[in-house]
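Q: this one's structure only:
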Ligand SMILES: NC(=[NH2+])NCCC[C@H](N)C(=O)O
């Protein structure tokens, strides 16, 4: 269906996404990996793997050992940038999708003895940080001594600070100043930013732990 939206209106002879799906399914090269291919719904191509091919591969793994099975790849090292949730916001299903695809690829490469740099790009210095920092100062005057537990649910905190930002021009002004001070490297603002990142990171880490996914954060 992604293909259809790209080709639509460009003189393609395909009438709809389903027709493209049919053409793909029909023209897949015959090979021992694929048992059958069909089109479902508006144009999803479903491919059924051959049971006997899978059985043969598993037998090969069991008899000859999993190491003998890994393909030899012409690269020694790969960088995989995946997951990348946004700091101070909730990790959503889009991030989960990227996390699972990224981790799967990483495991496949590692299985083939390729060194994988698992990178998680989570840095964010945008406007929302000014808002969050000012809200932190306002709500928790003793924020420096607080553990991440005290601030509670970051999502609730984010929503409340956004409401304050939208409703109060004076607060909005302070929040915008805070971004400038944060980007200018002012100590107090940097420390508050770090605190918010820390809380966020703890929340993400719980998900990574549940999924057994390893990642290295890069800003
Ligand atoms: N280098 C990257 N992975 N960039 C993509 C960042 C994705 C962004 N955090 C989002 O949630 O939409």
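A: Sure thing, it's come through. In this text, all values refer to a predicted model and were calculated from it rather than measured experimentally.

Q: What strand or helix carries the residue lying farthest from the centre of the chain?
A: No residue in the chain sits farther from the centre than residue 63, which is 36.9 Å out by C-alpha atoms, centre = their mean. Using DSSP states H and E, residue 63 falls within helix 51-64.

Q: And the contacts of that helix?
A: Contact partners of helix 51-64, identified using C-beta atoms under 8 Å, 6 or more residues apart in numbering, comprise 32, 33, 35, 69. Backbone N, C-alpha and C define where each C-beta goes, glycine included.

Q: swap the cut-off to 6 Å and go again
A: 32, 33, 69 (C-beta atoms under 6 Å, 6 or more residues apart in numbering).

Q: same check, this time on stretch 206-215
A: Taking C-beta under 6 Å, 6+ apart as the rule, stretch 206-215 contacts 83, 91, 99, 103, 118, 120.

Q: Find the residue at the geometric middle of the protein.
A: residue 83 (2.3 Å).

Q: need the residues of this structure near the ligand, please.
A: The chain comes close to the ligand at residues 81, 84, 86, 121, as judged by C-beta under 6 Å from any ligand atom.

Q: tell me the contacts of the third one?
A: What it means is residue 86. Residue 86 neighbours (C-beta under 6 Å, 6+ apart): none.

Q: pretty sure it belongs to a helix, no?
A: No: with DSSP: H, G, I helix; E, B strand; the rest coil as the criterion, residue 86 is assigned coil and is not in a helix.

Q: pLDDT weak spots in this protein?
A: 1, 123, 125, 148, 219 (pLDDT under 70).

Q: Per the annotation, how does it divide into domains?
A: Annotated domains of the chain cover 3-52, 77-218 [the TED database].

Q: Please work out which of the ones you listed is packed deepest.
A: domain 77-218 (a mean of 16; mean count of other C-beta atoms under 10 Å).

Q: helix or strand right after the longest helix along the chain?
A: Looking across the chain with DSSP state H, the single longest helix is helix 187-211. Going down the chain from helix 187-211, the next helix or strand is strand 216-218, by DSSP H and E.

Q: Sheet partners, orientation included, of that following strand?
A: strand 115-121 (parallel) (DSSP bridges).

Q: who touches the strand it pairs with?
A: By C-beta under 6 Å, 6+ apart, strand 115-121 touches 77-81, 83-84, 106, 109-110, 214-218.
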